[in-house]
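>>> Model the structure of this input:
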Amino acid sequence: MAVISKATSVAGLAVLVPSVLAQQFMGATFPYEFFNLSSPCLEALNTTLDCSRRLASHTNFESPRVDVLDLDGIAAVCTDSCKESMQQLRHKIENDCNPITDLVDHGLTMFTATHMVDWYIYTYDISCYRNRDTGEFCDYILDGWRDQADDAPHDCDDCVLGPTEIEVNSEIGHTKARSAEFQSAISSCDKTGYTYIEPDIHSSTSAAPAESTILAKNWSAHRMSSDCAFTYRVREGDTCESISVDQSVSTKGLIEGNDAINSRCDGLKAGQDLCMPEQCKIHFVESGDSCESLAEKYGATPNDLAKWNPRMYIQCNDFRYSKPTYICVGPPLSTKNAHETSDTRNESRF
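Just a heads-up that it's a prediction; the model follows:
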């Protein structure tokens, strides 16, 4: 999954957005014609996968974090025919797309055309991982752990170690910190049969993603790791949007920093402490916004927006595909002490 630096002008740039980023799924198509690809490559990308649309909605292109599937989701996504069709499509794309000229734009970086199907395969492999001892789907097991009253450790269970092995061996999920955690867990658990080979990361423009998939040293629903700039205690009636405004943080940074919250912001409960991203000047993204309009209003370049919103992909030519949300349009502000809990409203408005 090679990536190539973008040194050219970003005027008119289009960046793939998670709500529409896809190979073709039955009943849901994406206009790849936008990317000026060769005819054979375009034909390959327009192949319809033998996969449920649930896989498309389940794949999070803004983070290597993979949410736990429920029982219905496992039944819909985890089919042999889906995995086979993705593998066949990847082979077809490799054969029919030029790795130098047939590129897709994602997060202000150019990727080879296998980029999207690689994300689907990554998500599938983690979501559909089976416990090597029992053969049960691990997402079913993980979901059951959430309902346990005790805090029994599961650090050494294959349903933690196995998906983490997939993560750290993937270009998508690999970070040095996560790899070190994985190797430490394998050693402390005295487990065999797990391997780690550092993937070849071809990016020259951005660091490896900071998020992770499963925290081996603490199973408890954390399919990511995140540094908290400060914490916030949820009040009755709070929403992700209202918290973003009150605390001057990006909505995506808030959601990605807290495993208890899904992409729809379900899971907020009064009294809950949230891990908060760094504060910033925020802007509510609406249809018609563009990098040009934000540059005019805030003096923010596309590279600035990418740097200030590392967990979100910015579509510069038009935000019409973007989900309404608050993004950072300025650099991080001075943050509160990481151990401080904020249960008061931030009265400042930007």
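>>> Okay, strands next: where are they in the protein?
Counting by DSSP state E, one finds strands in the chain at the ranges 3-4, 103-106, 109-112, 230-233, 273-276, 282-285, 325-328, 341-342.
>>> so which of those comes closest to residue 66?
Of all the strands of the chain, it is strand 103-106 that lies closest to residue 66, at 17.7 Å by C-beta to C-beta. Every residue, glycine included, has its C-beta placed from N, CA and C.
>>> hey, C-alpha coordinates of the closest one in PDB?
Extracted C-alpha coordinates of strand 103-106, given in PDB (Å, rounded to 0.1, in the frame of the first residue of the first chain):
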ATOM      1  CA  LEU A 103      -3.500   7.000  -7.500                       C
ATOM      2  CA  VAL A 104      -6.200   7.900  -5.100                       C
ATOM      3  CA  ASP A 105      -6.200  10.900  -2.700                       C
ATOM      4  CA  HIS A 106      -6.700  10.200   1.000                       C
END
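>>> counting contacts, what elements does that strand pack onto?
strand 109-112, helix 115-127 (3 or more C-beta pairs under 8 Å, 6 or more residues apart in numbering; DSSP states H and E).
>>> Apply 7 Å and report the result again.
Applying 3 or more C-beta pairs under 7 Å, 6 or more residues apart in numbering; DSSP states H and E, one finds that strand 103-106 contacts strand 109-112.
>>> what's the most buried one of the strands of the chain?
strand 325-328 (a mean of 24; mean count of other C-beta atoms under 10 Å).
>>> ok, and for stretch 285-298, which residues are buried?
For stretch 285-298, the neighbour count (16 or more other C-beta atoms under 10 Å) marks 285, 289-291, 294-295, 298 as buried.
>>> Next: stretch 127-147.
Result for stretch 127-147 [16+ other C-beta under 10 Å]: buried residues 127-130, 137-143, 145.
>>> same check, this time on stretch 182-191
Buried residues in stretch 182-191, defined by neighbour count with 16+ other C-beta under 10 Å: 182, 185-186.
>>> Can you list the low-confidence ranges for the protein?
1-35, 106-109, 146-153, 200-227, 311-323, 334-350 (pLDDT under 70).
>>> Many thanks, we can stop here.
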